[in-house]
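S.K.: show me how the following folds:
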Amino acid sequence: MKRRWTDIQAGFVDEPRRAVQEADALVASTVQRLSSTFSEARAKLEGQWSRGGDVSTEDLRVALRRYRSFFDRLLKI
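M.R.: Numbering: from 1, shown residues only. Next comes the predicted model:
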């Protein structure tokens, strides 16, 4: 993706409108990919604790730690 971004920037001089259109497409694609990846990760986290009332406190503690780690990853984007 970084290489593609570099190519887009380089193309701006010759075709500014096309460069902006390509930048928009690249950003949209990246957002979609990130959204899909993070949605899948969140679903896995939810599956670890949402199996009803028979979840131990220890399992919930581990789940909360994993959510914290996941949340930290989201904030670094």
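
S.K.: which SS class is the residue in the chain sticking out farthest from the centre?
M.R.: Ranked by distance from the centre of the chain (Cα atoms, centre = their mean), the top residue is Asp14, with 32.4 Å. Secondary structure, DSSP: H, G, I helix; E, B strand; the rest coil: Asp14 is coil.

S.K.: ok, Asp54 next?
M.R.: coil.

S.K.: in contact with Val20, which residues?
M.R.: For Val20, the contact set (Cβ atoms under 8 Å, 6 or more residues apart in numbering) comprises Phe12. Glycine gets a C-beta too; all of them are placed from N, C-alpha and C.

S.K.: now it: how far from Thr30?
M.R.: With distances taken as Cβ to Cβ, to the nearest Å, Val20 is found 15 Å from Thr30.

S.K.: likewise Arg61?
M.R.: Arg61 sits 34 Å away from Thr30, taking Cβ to Cβ as the criterion.

S.K.: the two: who's more crowded?
M.R.: Higher neighbour count among Arg61 and Thr30: Thr30, with 13 against 10, using other Cβ atoms under 10 Å.

S.K.: and that one, what's its pLDDT?
M.R.: We have a pLDDT of 95 for Thr30.

S.K.: what's the local residue count around Ala19?
M.R.: 17.

S.K.: please, which helix or strand holds it?
M.R.: Counting by DSSP states H and E, the element that carries Ala19 is helix 16-49.

S.K.: in that helix, what counts as buried?
M.R.: Residues of helix 16-49 classed as buried by neighbour count (16 or more other Cβ atoms under 10 Å): Ala19, Glu22, Ala23, Leu45, Trp49.

S.K.: how about the first one, nearest residue that isn't a chain neighbour?
M.R.: What sits nearest to Ala19 in space, not counting adjacent residues and going by Cβ to Cβ, 6 or more residues apart in numbering, is Phe12, at 4.0 Å.

S.K.: for that neighbour, phi and psi?
M.R.: For Phe12, the backbone dihedrals (degrees, to the nearest 10) come out as phi -60, psi -40.
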